[in-house]
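Asker: Predicted coordinates and the sequence they were generated for:
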2 protein chains.
Amino acid sequence: MFQTFDATASPEQGPPRLAALRAELARLGVDGFLVPRADAHQGEYVAPRDARLEWLTGFTGSAGLAAVLADRAGLFVDGRYRVQARAQVAEDFTPVNWPETKPGDWLAEHLKAGARVAFDPWLHTAEEIDKLETRLKTADIALLATENLVDRIWPDQPPRPSGPVTRYPKDLAGKGDETKRAEIAEALREAGHRAAVLTLPDSISWLLNIRGADLPRVPVAQAFAILSDDGRLQLFSDPAKYEGLGPDPAITLRDWAEFPKALQELTGPVRVDRKTAPLAVTRLLRDAGIEVAHDDDPCILPKACKTQAEIAATETAHLRDAAAMCEFLAWLDVAAPLGGLTEIDVVEKLEGFRRATNALRDISFDTICGAGPHGAIVHYRVTRETNRAVAPGELLLVDSGGQYLDGTTDITRTVAVGGPTNEQRACFTRVLKGMIAISRARWPKGLAGRDLDALARYHLWQAGQDYDHGTGHGVGVYLSVHECPQRLSRLSEVSLQPGMILSNEPGYYREGAFGIRIENLVVVREAPALPGGDDREMLEFDTLTWVPIDRALVDPALLDTGERDWLNAYHAEIAEKLGGTLNEGAQAWLDRVTRPI
Amino acid sequence: MFQTFDATASPEQGPPRLAALRAELARLGVDGFLVPRADAHQGEYVAPRDARLEWLTGFTGSAGLAAVLADRAGLFVDGRYRVQARAQVAEDFTPVNWPETKPGDWLAEHLKAGARVAFDPWLHTAEEIDKLETRLKTADIALLATENLVDRIWPDQPPRPSGPVTRYPKDLAGKGDETKRAEIAEALREAGHRAAVLTLPDSISWLLNIRGADLPRVPVAQAFAILSDDGRLQLFSDPAKYEGLGPDPAITLRDWAEFPKALQELTGPVRVDRKTAPLAVTRLLRDAGIEVAHDDDPCILPKACKTQAEIAATETAHLRDAAAMCEFLAWLDVAAPLGGLTEIDVVEKLEGFRRATNALRDISFDTICGAGPHGAIVHYRVTRETNRAVAPGELLLVDSGGQYLDGTTDITRTVAVGGPTNEQRACFTRVLKGMIAISRARWPKGLAGRDLDALARYHLWQAGQDYDHGTGHGVGVYLSVHECPQRLSRLSEVSLQPGMILSNEPGYYREGAFGIRIENLVVVREAPALPGGDDREMLEFDTLTWVPIDRALVDPALLDTGERDWLNAYHAEIAEKLGGTLNEGAQAWLDRVTRPI
């Protein structure tokens, strides 16, 4: 099993470590230290050695920040993690509601003018520190970049991860790494940049057509890199990880420790992404008198716009995943009504079906499996403590995905265990109408996710309902299941471009009662011209996910003709694509659930 | 008749005036002078004395700029006006495509490093000059604020307009002018501003509950004003215009000429809107060492959020206008199929029906009346030269509105003269679906027009179609028919708030064939809670316009149940609201066209 269900809660570890950290504050003569959950690569997962926030506080959530002062320690956690933080963390840490309360405001409230707050410039971006510094200036509080004080007091801090690096096949990537480097180098020359600093592991893994084994759920290799405008690249990591790859004259493997010095030997302007790169990078360059050009990581957009080969590969991965999902749903259809199943049983069974493909490298994130009221907790992860029976008469929401060599999947299906209520069917059908509206959308080139987001919500809005998350996020190909910069969200100004993979996942959540989410992955493509259409370049989505939607939850009277046709065509295409590939029981289930409504 | 149909075209006036202007350039030792269409108030209409661009070039369009250099003169006009500019302007002026070519780029191309370009700082905003200056700096070209060189060479330049000012009834405004001044003054104190400079006539007219007669189509009084943070106001204008109003101890009437000196006597910080105020205001303040706070004109948002009284008044105005529109459409229904009607006939007849209400103060803009292919020209205004017969078998698009004391209207109806084609009906029905989607929309508070725009376009997009204008603009109450800041547009980040009046006017245009637009005005209001709905504050639109939509152009098979119900309910409500108020023929027509489909 990849997924585990044990909730760690050892609040007693916090107080002595907090005391040790405060001794370091006193030694250094500063009034506070910031301990973010992030590492130097700003990803969703951190290696054990970078789990400083967890080590210090006991809190295991995927986002957060501790601000440790002499007389108090604030633990900033968002709405997802408030209950969890209270269970995992000693009373010495004061939970702070984030982002409602901003760290700058909190620090200004609890520190006097003239105070100095230390931070590790490798764990914060330039953008983050700029904002904080601007706020603290108004309170005459200074920020001071120092070594990491947690590392000083962590005697058995694990070493950096050093999972072996493997080459990602060029036929799946669709483009050789030397070509990618040449194209990015050309973009640098056009922008007048002499080099770019890369700090995001998925940018580096994409650029070099490699994958790693340093972190759970996301198959990247941790590293820093400097790409010169001639296409040569220096890679800073543990060189031993790369032993299997063989030499490449254009790539110099260097140790982590050499990165700061290498930065200071560059000729500017050097491109640095202030939204993602550690502030230390900018500071090291500027201290050496090197001009810094703050601009986007040059790999982000090319990585987001998948090649034809990547799209073809991910289609294969999605069909494989869909077959596993269908066998799972067919099993659930029989097993759930019998009673006795728990959320953990469901998660384990689902992972088993994916493993049985013999192609699963990892799950792409810990499965969200919420029965009844748990379905309304958007980021619910079952533990042995919260585990709940899947009771007949309830909805079950299952959001899961797999990492396969040829693609990353992410799918949510909500199913009725036993007969749903009319109200549940009405809500589900409204969510479905939004999901279909996005699936069928065509739009003129140049629009961002923000411009389409309302289409997914309109029918919920008409009923006075909505959901408090974005409609979709970017997805990589055997990379991160949450990929920048593409999003279907009110917050996204990035224009949608062919090849971008996104999730399409509207939902509806009734607290204490049930949760509904329906999620397919889609890929942006050029829309063909239509008879009678304008002479106007348009885009559309192509669906990647092929798993039936629970018909018991659909109220056909609420669908218009176009929506009903879409659903029937979708189910017919599933029957065609998956028919003959499933076990006997699943095939019978598939035949039944893909009939037209 | 308010509207006229004579196209002026006297290109021969341009060359001698251009020569005189160039002599002024030489006298002053500068290399160019900018002649914008705008006046100091940045409105849609200018008084004759401010029609400098027209006087110099002959061009009468509502937007444009001449950049006059020693050896060439560029006339910047946008897509609407390219044909018109060629007809009205001598060859000495080179038409430049705007905004594709920016004035800064054009100047940099045609001037040498070290050149100096003069401009009148009363006719350009700070934002505009900042942008231009930044661009020109890269070419080492300087901008120089000077007196207006056109005014120097315009011997018979008309005087400023001095239409009499009248008081706007408090029962229509819903709030006394002293209350408005007190509220804005409080907002200034909260922002730490000691005074605000007001340069927009509709802001000033709204704030003082006055209306004027200085310009066509928009009943504002031209003036500048300074509002102090204690609520006292200095008004700079022609004091004679205000004679009828009687004295008000909190308002000081001063002459235009005293404005610059009064600015320099203020205590800062003084609020100035850099997007709308003349650069001269900022410069005069700074030259006197007074701190300038660049912030929005403080009247813009309160003016946009109408009072209950303003909404009630505008509802009355819309019913009166709807009755006139119905009598017009009933007449057209009989007259058009007989043949022989021209676009001008239609415009004259429509204005006649509005005049017959005995309440029409002006039309709110020149009627757009486009038959057949003219309907596809979005900003078409018929002239004696372009006037075209309304031929049976064609679509006729009529976009018009009235200025009444109690409200400003703006409505577009597209009607079929004779039987429409299936293709025309399909296109019309898609536009209607978008217009209905906006009419029925509910959405959570905080969204901007940008977030809703796609709802109006989705069904056109599905057919590969779209329209190249915003979905809606703000509208005032017996003020400007194009009011800031509210918009239904991809470009609008302003959050929609209760009381804002907007147009809802999707369209579809097939060049050389036909144009379709359907426009109602709507007002934003709080949406009532719904059973089963979230505990979430939501907004919705209330419709103001009550005029039937041509059923001959609707294909009922393309409407879903909700859309058909909306259309039938809309028509039923029209029949109820207007029934009994129309002449006999119009009543029979109304009965017929409001039957359910």
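Answerer: Nice, I can see it.

Asker: Return the distance of residue A:385 relative to residue B:480.
Answerer: 62 Å (C-beta to C-beta, to the nearest Å). Every C-beta, even on glycine, is put in place using the N, C-alpha and C of the backbone.

Asker: State the next helix or strand along the chain beyond the helix or strand of chain A with the lowest mean pLDDT.
Answerer: Considering only helices and strands, the least confidently modelled element of chain A by mean pLDDT, DSSP states H and E is helix A:82-88, at a mean of 87. Sequence-wise, the next helix or strand beyond helix A:82-88 is strand A:93-97, with elements assigned using DSSP states H and E.

Asker: tell me the mean pLDDT for the following helix or strand past that next one?
Answerer: From strand A:93-97 onward toward the C-terminus, using DSSP H and E, the following helix or strand is helix A:103-110. Averaging the model's pLDDT scores along helix A:103-110 yields 97.

Asker: now stretch A:384-395
Answerer: Mean pLDDT, computed over stretch A:384-395, is 94.

Asker: Just the endpoints, please. Distance across that stretch?
Answerer: Taking C-alpha to C-alpha, to the nearest Å as the measure, stretch A:384-395 stretches 20 Å from start to finish.

Asker: buried ones in that stretch?
Answerer: Using 16 or more other C-beta atoms under 10 Å in any protein chain shown as the burial criterion, the residues of stretch A:384-395 that qualify are A:386, A:387, A:388, A:390, A:394, A:395.

Asker: For the second one, which residues are in contact?
Answerer: When you say that, I think you mean residue A:387. The neighbourhood of residue A:387, defined by C-beta atoms under 8 Å, 6 or more residues apart in numbering or on different chains, consists of A:5, A:342, A:343, A:344.

Asker: hmm, which two among those are most spread apart?
Answerer: Looking at those by C-beta to C-beta, the two members farthest from one another are A:5 and A:342, with 10.1 Å of separation.

Asker: which residue does the stretch 351-500 of chain A bring closest to chain B?
Answerer: Among residues of the stretch 351-500 of chain A, the one nearest chain B by C-beta to the nearest C-beta turns out to be residue A:464. It sits 2.2 Å away.

Asker: how about the closest residue to that residue other than its chain neighbours, secondary structure?
Answerer: What sits nearest to residue A:464 in space, not counting adjacent residues and going by C-beta to C-beta, 6 or more residues apart in numbering or on different chains, is residue B:533, at 2.2 Å. Per DSSP: H, G, I helix; E, B strand; the rest coil, the local secondary structure of residue B:533 is coil.

Asker: Residue B:533 and residue A:465 touch, don't they?
Answerer: Yes: counting by C-beta atoms under 8 Å, residue B:533 does reach residue A:465; the two are 5.9 Å apart.

Asker: measure the most centrally placed residue in chain A to residue A:44 for me?
Answerer: When C-alpha atoms, centre = their mean is applied to chain A, the residue found nearest the centroid is residue A:482 (2.8 Å). According to C-beta to C-beta, residue A:482 and residue A:44 sit 6 Å apart.

Asker: Now do the strands in the stretch 451-597 of chain A.
Answerer: Assignment of strands within the stretch 451-597 of chain A using DSSP state E, counting those that start in this stretch yields the ranges A:472-474, A:483-488, A:501-504, A:507-510, A:514-517, A:520-526, A:538-543.

Asker: Include distance to residue B:511, mean neighbour count and mean pLDDT when you put those into TSV, please.
Answerer: Shown next, in TSV, are those (distance: least, C-beta to C-beta, whole Å; neighbours: other C-beta atoms under 10 Å in any protein chain shown; pLDDT from 0 to 100):
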stretch	distance to residue B:511	mean neighbour count	mean pLDDT
strand A:472-474	35	25	98
strand A:483-488	33	24	96
strand A:501-504	34	27	98
strand A:507-510	42	24	97
strand A:514-517	44	26	98
strand A:520-526	23	20	98
strand A:538-543	18	20	98
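
Asker: Quick one: closest of those strands to residue A:272.
Answerer: Comparing the strands of the stretch 451-597 of chain A against residue A:272 with C-beta to C-beta, the closest turns out to be strand A:483-488 (16.2 Å).

Asker: The closest one: how far from the chain's middle?
Answerer: Strand A:483-488 has its C-alpha centroid displaced from the chain centroid by 10 Å (C-alpha atoms, centre = their mean, to the nearest Å).

Asker: what's the longest helix in chain A?
Answerer: helix A:308-335 (DSSP state H).

Asker: which other residues reach the helix or strand that comes right after that one?
Answerer: Where DSSP H and E defines the elements, the next helix or strand beyond helix A:308-335 is helix A:343-355. Outside of helix A:343-355, the residues within contact range by C-beta under 8 Å, 6+ apart are A:1-3, A:5, A:321, A:324-325, A:327-328, A:331-332, A:335, A:360, A:363, A:367, A:369-371, A:374, A:382, A:384, A:386-388, A:390, A:396, A:398, A:400, A:402.

Asker: got the angle between helix A:343-355 and helix A:308-335?
Answerer: 140 degrees (axes from the mean of the first three to the mean of the last three C-alpha atoms, to 10 degrees).

Asker: The residue lying closest to residue A:133 once chain neighbours are set aside - how many residues pack around it?
Answerer: Spatial nearest neighbour of residue A:133, chain neighbours left out: residue A:143 (5.3 Å); criterion: C-beta to C-beta, 6+ apart. Counted by other C-beta atoms under 10 Å in any protein chain shown, the residues lying close to residue A:143 total 21.

Asker: May I ask which helix or strand encompasses residue A:143?
Answerer: strand A:142-145.

Asker: Can you tell me the SS state at the nearest residue to residue A:60 once chain neighbours are set aside?
Answerer: Leaving aside its chain neighbours, residue A:60 sits nearest to residue A:54 (5.3 Å; criterion: C-beta to C-beta, 6+ apart). Under three-state DSSP, the three-state class of residue A:54 is helix.

Asker: What of residue A:450?
Answerer: Per three-state DSSP, the local secondary structure of residue A:450 is helix.

Asker: How much space separates it from residue A:496?
Answerer: 10 Å.

Asker: Over to residue A:98?
Answerer: Taking C-beta to C-beta as the measure, residue A:98 falls 30 Å from residue A:496.

Asker: which of these two has more neighbours?
Answerer: Just comparing residue A:98 and residue A:496: by other C-beta under 10 Å the higher neighbour count belongs to residue A:496, 23 against 20.

Asker: ok now do the more buried one, which residues does it touch?
Answerer: If you count contacts by C-beta under 8 Å, 6+ apart, residue A:496 has them with A:443, A:447, A:448, A:449, A:452, A:486, A:502, A:524, A:539.

Asker: For it, give me the backbone phi and psi.
Answerer: Dihedral pair for residue A:496: phi -70, psi 140, per degrees, to the nearest 10.

Asker: pLDDT value on it, please?
Answerer: At residue A:496, the pLDDT value in this model is 98.

Asker: Reformat the contacts of residue A:387 as JSON lines; add pLDDT, neighbour count and distance to residue B:215.
Answerer: What follows is the contacts of residue A:387, written out as JSON lines (pLDDT from 0 to 100; neighbours: other C-beta atoms under 10 Å in any protein chain shown; distance: C-beta to C-beta, whole Å):
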{"residue": "A:5", "pLDDT": "92", "neighbour count": "17", "distance to residue B:215": "73"}
{"residue": "A:342", "pLDDT": "97", "neighbour count": "16", "distance to residue B:215": "74"}
{"residue": "A:343", "pLDDT": "98", "neighbour count": "26", "distance to residue B:215": "69"}
{"residue": "A:344", "pLDDT": "98", "neighbour count": "18", "distance to residue B:215": "73"}
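
Asker: quick one: which of those is nearest to chain B?
Answerer: Minimum separation from chain B among the contacts of residue A:387 (C-beta to the nearest C-beta) is found for residue A:343, which lies at 25.5 Å.

Asker: nearest residue to that closest one other than its sequence neighbours?
Answerer: In space, and not counting its chain neighbours, residue A:343 is closest to residue A:382: 4.2 Å by C-beta to C-beta, 6+ apart.

Asker: count of residues packed around the one you found?
Answerer: The criterion is other C-beta under 10 Å. On that basis, residue A:382 has 24 neighbouring residues.

Asker: List phi and psi for it.
Answerer: Comment: the main-chain dihedrals of residue A:382 come out as phi -70, psi 140, following degrees, to the nearest 10.
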